[in-house]
Structures are given as structure tokens and as C-alpha cells.
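Asks: model this:
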Amino acid sequence: MKTKLFFTVMLATLLTFNGFAQEKELWGLAPTPGYIYKLNQNGENKEIVYNISGVGGYGPGSGGSLLQADNKKLYGMTKAAGTNNMGTVFEYDVAQQQYTILVDFDGTNGKKPETNNLIQASSGKLYGMTPEGGDYDGGVIFEYDLVTNTFTKLIDLHDTLGKAPTGDLYQVDNTDSIIFYGMTKEGGKNNGGVLFKYNLTDSSYRVVKNFDGYYPYHKEFGRHPYGSVMQAENGKIYGLTREGGTHDNGVLFEYDPGSMIFIKKFDFTSNETGKRPKGSLIQAADGKLYGVTQYGGGNFAGGGGNAGAVFSYDITNDTLILRASLGDGVGTYPLGSLVQATSGKMFGTTYMGACSSGGVFCFDPETDTIYRTACNGYPNGNLIEIDAICIETYDTITEEACISYTSPSGNYVWTESGVYTDTVPNADGCDSIITINLTVNTVDVSVTQEELTLTANAEDAQYQWLDCDNNFEPMAGDTNRVFTATSNGHFAVIVTQGSCIDTSDCYTVDTYGIDENGWGSRIKLYPNPTREKVVLSGAEIKNSRVTVFNTLGIVVFEQINTAASEMVLPFNDLPEGVYFVKVKKDDRQKIFKVIRNL
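Replies: Next up is the predicted model:
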């Protein structure tokens with residue numbers, strides 16, 4: 001039988017790794033002085049990741065937001081600066097931390113995007129609008145091809161078509177064509193802006209609704225929208241106007257692309273609902289539409305009221321409810337839209353309050369609670385949630401181990417010295433590549449056997465002999481390098497060198513003959529322990545060979561007893577220690593362990 005035990009001691013400091021950090025992040029733009037920032041998935045720990053103002057892109061628009069395209073890069077627009085100080089389209093590569101200006105607006109191709117954002121259509125290309133510039137200085141609709149890096153102006157807007165477009169385009173579900181809907185805040189029949197449809201496939205543009213003119217003469221449909229439209233799960237399009245309606249505080253409207261029917265669904269008041277929305281709607285996981293108003297609302301979050309509100313609209317029963325009001329403690333005057341994170345909570349930005357320069361707030365639709373999560377520099381745009389893009393980190397460590405070494409990830413076990421590589425998650429949940437300079441120390445657990453004597457080959461070590469047949473029980477007092485068995489069995493040794501411990505195989509001792517009729521039990525040895533002499537007695541010792549040897553296996557006395565039934569063994573000249581007395585006759589033998597005391 002062979003059994004091997006391993007005892008491993010790690011000499012190096014154990015490495016502890018925090019599990020994965022957040023898998024999602026919130027990203028946004030701040031227009032003053034102009035930077036890209038990110039927060040964790042709870043809207044906290046704001047970090048400025050890129051200062052746009054330092055590279056010719058001062059001032060994203062007051063409602064500007066980022067877009068993450070299919071290539072995982074971020075895209076956005078600035079209102080000013082660039083070569084012509086008329087704004088830019090930019091790209092930010094998160095993985096490479098590289099900012100690139102793709103388009104410099106020059107007036108003819110657009111100018112000063114403010115509340116405008118980019119979208120990526122099903123074609124993979126980017127589309128956007130500017131509120132100024134173009135042939136008529138009413139703004140443009142444009143396309144940017146990420147593959148060919150080509151900018152194309154598609155439409156020059158003017159009074160009749162609507163001008164000063166807001167927000168972004170919205171691509172509606174359509175299997176045959178790429179169709180966008182969007183809004184302008186000015187122009188159209190009443191100069192109150194329009195809702196338009198643009199078919200990219202055939203390049204057709206059509207005004208589907210002219211918003212109202214100036215209050216109080218027109219109160220029916222709302223006017224001056226500042227956000228974007230969105231298509232709900234019922235296939236209908238919903239949007240907001242900032243002004244107009246019964247109270248001139250804006251409206252929520254619905255447009256059915258199939259029947260081409262426009263319906264004003266709700267008039268904003270003030271404290272009861274909030275007023276003057278300057279953003280867009282989102283459809284949340286509960287199916288309701290959510291948005292924010294810049295003003296109005298009650299005094300539920302500190303401050304004097306009229307600081308903005310969060311509302312929801314149930315499209316199934318035509319009910320709009322004020323869900324939470326903003327105030328100095330949370331932030332005031334939100335400009336933009338909400339985003340619902342994977343957690344189910346919603347996040348938005350405020351232009352003032354909170355930390356005097358606005359901040360980020362969280363709204364929980366399950367509890368209707370609202371609270372500030374971060375201070376910011378006049379953010380006033382929409383946040384987006386993206387997967388945290390990993391940036392690999394690298395490190396080198398030196399490790400020393402006994403017998404074997406388990407890698408920091410737990411995926412590998414190495415038993416030889418060398419240079420190895422392992423991968424673990426870093427503090428951001430990304431790959432950390434570790435180079436490990438490893439020294440593996442081993443222990444010599446080989447044993448030399450001569451009949452009933454076992455000698456551990458390792459020198460300058462500590463030893464503990466084990467009885468393998470007795471559940472590897474340590475044998476009391478057997479802690480020398482040489483072990484002499486007093487009976488047949490299986491034996492192993494634990495060898496300790498420095499901090500390293502290992503255990504040998506089990507070795508078999510079967511040199512004892514058969515004790516016929518209790519032959520060995522009739523041989524007596526006394527006294528034990530002894531100071532001077534040891535006496536062997538019994539008829540069985542006649543014609544036997546008697547040998548005395550120490551724990552190193554060195555014979556110190558040997559004699560053939562030819563006749564006597566009693567024999568005196570001289571121990572008086574031997575050093576103090578443990579000795580063995582072996583009586584051997586024919587194929588039978590008996591071993592006694594004797595302790596010599598001074």
C-alpha cells in the first residue's frame with residue numbers, strides 16, 4: 001500500500017482580489033467648461049474622463065448627450081469651438097481614451113448643435129440635426145458614415161419645413177424603409193415648430209403636424225418642443241412641447257403613424273403636474289411613460305418648490321401623475337430626459353441646486369423616492385447607461401512556495417519554479433494580467449530501507465515517523481532520521497525543512513518471521529530503561545545472534561549466544577539514548593527498544 005500526504009505552506013503574501021466591480025456605468029456631458037464624465041451604476045463616484053475644452057470642443061449643448069454606437073465608441077456634438085467655432089461632431093474611444101473631432105461645422109453644413117443628439121440607425125450610420133446653419137440658416141439634417149468617415153448634409157431646413165430642430169431623430173419600426181420622426185421648435189405654419197417625418201429611403205420630408213402659434217391665441221396642440229419623440233410599445237409616437245396648451249405650460253401629445261391622427265393627451269399645469277418640460281419621454285419597464293419638467297412641482301425635496309418634477313403617464317388609461325418634485329436638496333431645473341438603468345432606477349440631471357452647479361439625481365419608480373447621487377458642473381443633458389469597457393492592467397509579482405503553488409485565480413497549480421502568467425479581475429472588473437516569478441521549494445522525502453531500518457535521505461531536517469496502518473498516526477518518540485521497526489507494518493515519515501513540509505510514501509517492513517507458538521514473547525529483557533546493563537533471559541536465546549544498534553543503524557555490540565539461557569549486555573559504556581536489541585534465531589527474530597539513561 002502506498003499513500004502520500006501533502007503539506008503546503010505559502011511563503012509569499014496571499015493576494016486578495018475584490019470581486020467584480022460594477023458591470024454598468026452612466027456617462028454624460030457637461031457644457032461648462034465642457035467635459036465627458038462617468039458615474040457608477042448607482043449614479044455615484046463622478047469621474048471626469050475627458051476635458052473637451054482642451055481640444056477645440058468647448059461647450060456641449062445645454063441638452064447634449066452621448067451615443068454609444070455598435071463599435072462601443074461614444075459619439076456626441078459640441079455647440080461651439082472647432083475650427084470655425086461653430087461646433088463639432090466628435091468620437092471618444094473609451095478603451096483607448098482617445099478623443100477625435102470627426103466634423104467641424106462651418107455654417108453651410110450646420111451650426112451650433114445645442115439640444116441635439118446623434119442616433120445610430122439600423123443602417124449603422126449616424127444621423128443628427130443642428131438648429132442653425134444650412135442654406136437657409138434654419139438648421140440641417142445630416143448623416144455620418146462610420147465606415148467611410150463621410151459627412152453628408154441631407155436636408156436644409158427653413159420656415160416652411162420647420163426650423164431650429166431639437167433633440168434627436170427617432171427611427172420608427174418599419175420593415176421596408178428607414179423612417180425618422182423629429183421636431184423643430186420654430187418655423188412651420190404657426191412658427192411654433194413642427195412634427196415631421198423623414199423617409200431616408202426615398203429622401204422625402206413631410207410636416208405631419210404644425211404646432212400652435214403664440215399664446216393665448218392658440219392653445220390646442222402646444223408649441224416650441226425642445227426634446228425628441230419616441231415610439232411606445234403600442235406603435236404610437238409620443239412627445240412633449242415646452243409651451244402652449246391650455247395653461248401655456250406645455251403638453252404631452254400622441255401621434256398615430258398609421259391613422260396620421262395627432263391628439264393632445266395632457267396639459268401641464270404647475271404644482272399639480274410640473275410645467276415647461278425641456279426634454280423627452282421614455283417608456284419604462286412598467287410600460288408607463290416618464291419625463292421631467294423644468295419648473296413646477298411641489299416642495300417635496302427641499303427648497304421653495306417650482307424647481308421641476310418627475311411625472312409618469314399611463315397610456316392605458318390616459319392618466320398623468322406627478323411622482324416626485326425636485327428642490328435644492330436634490331437639484332433644480334432639470335434639462336433633458338431620464339434614463340432607466342438596468343437596476344430599474346431612473347437617473348437625470350439638474351442645472352442648478354444640489355451643489356450650486358447642479359448634479360445627478362436618482363428616482364426610484366417603485367417607491368417614488370428621489371435623491372441626489374452626485375454633484376456636477378451644470379450637466380443638464382441626458383445620461384446613457386453602457387457596459388463598463390474594460391482596460392487591461394498588468395502587474396508582476398514574486399512568489400515563493402513549498403511543493404506547489406496555486407495561482408491567484410485558482411485556475412492553475414504549478415509544482416516547478418519558473419515564470420508564469422495568470423489573469424484575475426482588477427478593481428474595475430476587467431482583466432489584470434499578472435506575471436509571476438515563482439520559486440517552488442521541494443523537500444526530499446525519499447527513504448532508504450535496509451530490512452527493518454528506514455532512513456530518511458533528507459539531512460538537516462525535522463522528522464516524524466507515521467504508522468500508515470493506524471490512520472497515519474504519529475509514532476511517539478520516533479522523531480529521528482533513522483527509524484527501526486519493532487514489528488511488521490507500513491511506515492512513512494514527515495520531513496520538515498524550513499517552512500516546507502512533505503510526507504514520504506509508505507514503506508513496508510515484513511522481515512519479522514512468524515512467531516510460532518509465541519517464541520518471541522517468551523524472551524525477557526530487563527531492566528528497561530537501564531543505566532549499566534541489560535539482561536536477556538529465556539531458553540529461546542540459546543544459539544541465537546544478539547545484536548545491539550543505535551538509532552542510526554550502527555551496530556555497537558554483537559555476539560552469538562551458543563549455550564546460555566541468560567545473557568548480560570553491557571550498556572554502561574554506551575552514550576545516553578535509544579538502542580535496539582535484536583535476537584535472531586533461524587527465521588525468527590525479536591527486537592526490543594531500550595532506553596539508556598545516565
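
Asks: what are the ranges of the strands in the stretch 301-450 of the chain?
Replies: Remark: strands assigned in the stretch 301-450 of the chain by DSSP state E, counting those that start in this stretch are 309-314, 319-325, 332-334, 339-340, 346-352, 359-364, 369-375, 384-387, 393-402, 405-406, 413-414, 418-425, 431-441, 447-450.

Asks: listing partners with orientation, what would you give for the fifth one?
Replies: Think strand 346-352. strand 332-334 (antiparallel), strand 339-340 (antiparallel), strand 359-364 (antiparallel) (DSSP bridges).

Asks: quick one: buried residues of stretch 357-370?
Replies: Residues of stretch 357-370 classed as buried by neighbour count (16 or more other Cβ atoms under 10 Å): 357-363, 365, 370. (C-beta placed from N, C-alpha, C; glycine too.)

Asks: now do that stretch: distance to the chain's middle.
Replies: Chain-centre distance of stretch 357-370: 25 Å, with Cα atoms, centre = their mean, to the nearest Å.

Asks: with just CA atoms, put it into CSV.
Replies: The C-alpha trace of stretch 357-370 is given here as CSV (Å, rounded to 0.1, in the frame of the first residue of the first chain):
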residue,chain,number,x,y,z
SER,A,357,-23.9,73.9,-10.0
GLY,A,358,-26.4,71.1,-10.5
GLY,A,359,-26.0,67.4,-10.2
VAL,A,360,-27.3,63.9,-10.8
PHE,A,361,-30.4,62.6,-9.2
CYS,A,362,-32.0,59.1,-8.9
PHE,A,363,-35.7,58.4,-9.0
ASP,A,364,-37.0,55.0,-7.8
PRO,A,365,-40.3,54.3,-9.6
GLU,A,366,-41.2,51.6,-7.1
THR,A,367,-41.1,53.8,-4.1
ASP,A,368,-41.4,57.3,-5.7
THR,A,369,-38.3,58.4,-3.8
ILE,A,370,-35.9,60.9,-5.3
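
Asks: I'd like the average pLDDT over it.
Replies: Summarised as a single mean, pLDDT over stretch 357-370 is 91.

Asks: may I have the beta-bridge partners of residue 166?
Replies: Beta bridges link residue 166 to residue 183, judged by DSSP bridges.

Asks: hmm, it is touching residue 128, no?
Replies: No - here residue 166 lies out of contact with residue 128, judged by Cβ atoms under 8 Å, at a distance of 11.7 Å.

Asks: pull up the overlap in contacts between those two.
Replies: Where contact means Cβ atoms under 8 Å, 6 or more residues apart in numbering, the residues bridging residue 166 and residue 128 through contact with each are residue 116.

Asks: neighbour-wise, which of the two wins?
Replies: With other Cβ atoms under 10 Å as the criterion, residue 166 and residue 128 differ in neighbour count, and residue 166 comes out ahead with 27 against 24.

Asks: wait, what's in contact with the more buried one?
Replies: Applying Cβ under 8 Å, 6+ apart to residue 166 gives the contacts 63, 115-116, 131, 183-185, 193, 225-228.

Asks: how does it look with 7 Å?
Replies: Residue 166 makes contacts with 115-116, 183-185, 225-227, as judged by Cβ atoms under 7 Å, 6 or more residues apart in numbering.

Asks: turn these into TSV, including neighbour count.
Replies: As requested, those are exported to TSV (neighbours: other Cβ atoms under 10 Å):
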residue	neighbour count
115	29
116	28
183	30
184	28
185	27
225	33
226	27
227	27
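
Asks: could you pull out the strands for the stretch 151-300 of the chain?
Replies: Per DSSP E, counting those that start in this stretch, the stretch 151-300 of the chain carries strands over the ranges 163-171, 179-186, 194-199, 204-210, 230-231, 237-241, 251-256, 261-267, 282-283, 289-293.

Asks: what separates residue 185 from residue 315, distance-wise?
Replies: When distances are taken as Cβ to Cβ, to the nearest Å, residue 185 and residue 315 turn out to be 25 Å apart.

Asks: go on, residue 221?
Replies: Note on residue 221: its distance to residue 315, by Cβ to Cβ, is 18 Å.
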